[in-house]
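Enquirer: Build me a model from this:
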Amino acid sequence: MKMFFFLLLALSSPAVADLEWRNFENAEKTKSFKGRLVGYNPLTKKVTVQRQSTLRPVTFRINLLSEEHRRFVESRAVELEAAGGLRMMFYENVQKVGSTRSGSTKTSTYDGGYKIEIRNYLRRAIQDVSVDFLIIYRKDSTNGNGTRSIKRGSRNLTALVPNYDENIVIGGIPLTSYYKAGSVTAMAGST
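Expert: Just a heads-up that it's a prediction; the model follows:
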């Protein structure tokens, strides 16, 4: 059985850097480019910025930036380190909740959803994490595209402990499959 969901996820905490596009200026304030901060290594003093014009990351020494932008990058060092130390995996989570038979048709119902697995690879815990999710799916789509439905949610985590998987299970998306004479004739989400 296949389910098709579109999952949007936002992870907000001190662990995620500012994702807005901003202008970065050189030390002399004669040149600038628009980009977003995606990495900083305090040991090598190198900054990685994704350029808006090409969407490619560019890495350079922090002393090439203006004093204002150096302070901005250094203020985000902990967030960038944490964001680089997280791994997120998404798994379909479908559980059969019942089935009925009527003549040659068998109808099975399922509770559909996802499991989000978050792992912290840093050597320290990341505190006060909020995970916001948005799942977009089709319901009543046995004949045609059906209607679009959205499931939103949020989970607050006290801490992401190093080398430990934190699992968030998202359910509550009802699915129904219809089997007729031994073959699948349709499958759709329904409410």
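Enquirer: okay, now the domains of this structure?
Expert: 6-12+86-189, 22-75 (automatic domain parsing).
Enquirer: next one: the shortest one to chain centre, how far?
Expert: The one in question is domain 22-75. 25 Å (CA atoms, centre = their mean, to the nearest Å).
Enquirer: circling back: lowest-confidence stretch among the domains of the chain?
Expert: Mean pLDDT is lowest for domain 6-12+86-189 among the domains of the chain, at a mean of 80.
Enquirer: one step back: a markdown table for the domains of the chain, including mean neighbour count?
Expert: Just so you know, the C-beta spots here come from the backbone N, C-alpha and C atoms, and that holds for glycine as well. Compiled in a markdown table, the domains of the chain are given as follows (neighbours: other CB atoms under 10 Å):
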| stretch | mean neighbour count |
| --- | --- |
| domain 6-12+86-189 | 14 |
| domain 22-75 | 14 |
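Enquirer: Checking the closest residue to residue 35 other than its chain neighbours next. Helix, strand or coil?
Expert: In space, and not counting its chain neighbours, residue 35 is closest to residue 49: 4.1 Å by CB to CB, 6 or more residues apart in numbering. Secondary structure, DSSP: H, G, I helix; E, B strand; the rest coil: residue 49 is strand.
Enquirer: Next up, the contacts around residue 49.
Expert: Neighbour list for residue 49: 24, 33, 35-38, 57-58, 60 [criterion: CB atoms under 8 Å, 6 or more residues apart in numbering].
Enquirer: Which members of the residues you listed occur in strands, if any?
Expert: If you go by DSSP state E, the contacts of residue 49 have 24, 33, 35-38, 57-58, 60 in strands.
Enquirer: Tell me how far the most far-flung residue of the chain relative to its centre lies from residue 180.
Expert: Distance from the centre of the chain peaks at residue 103, with 43.6 Å (CA atoms, centre = their mean). As for residue 103, its distance to residue 180 is 9 Å (criterion: CB to CB, to the nearest Å).
Enquirer: picking up where we left off before, now do the residue nearest to residue 35 against residue 36, distance only.
Expert: According to CB to CB, residue 49 stands 7 Å off from residue 36.
Enquirer: do residue 84 as well
Expert: 15 Å.
Enquirer: same question, residue 136
Expert: 25 Å.
Enquirer: ok, which stretches of this structure are helices?
Expert: 67-75, 77-84 (DSSP state H).
Enquirer: Export those helices as CSV, with columns for distance to residue 109.
Expert: Below are the helices of the chain laid out as CSV (distance: least, CB to CB, whole Å):
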stretch, distance to residue 109
helix 67-75, 51
helix 77-84, 39
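Enquirer: closest one to residue 112 among those?
Expert: Nearest of the helices of the chain to residue 112, taken as CB to CB: helix 77-84 at 29.6 Å.
Enquirer: and the closest one, C-alpha only, in CSV?
Expert: Output of helix 77-84 as CSV, limited to C-alpha atoms (Å, rounded to 0.1, in the frame of the first residue of the first chain):
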residue,chain,number,x,y,z
ALA,A,77,27.7,30.3,16.2
VAL,A,78,25.9,28.0,18.8
GLU,A,79,22.8,27.8,16.6
LEU,A,80,24.8,26.9,13.5
GLU,A,81,26.8,24.3,15.4
ALA,A,82,23.5,22.7,16.7
ALA,A,83,21.8,22.8,13.3
GLY,A,84,24.8,21.0,11.8
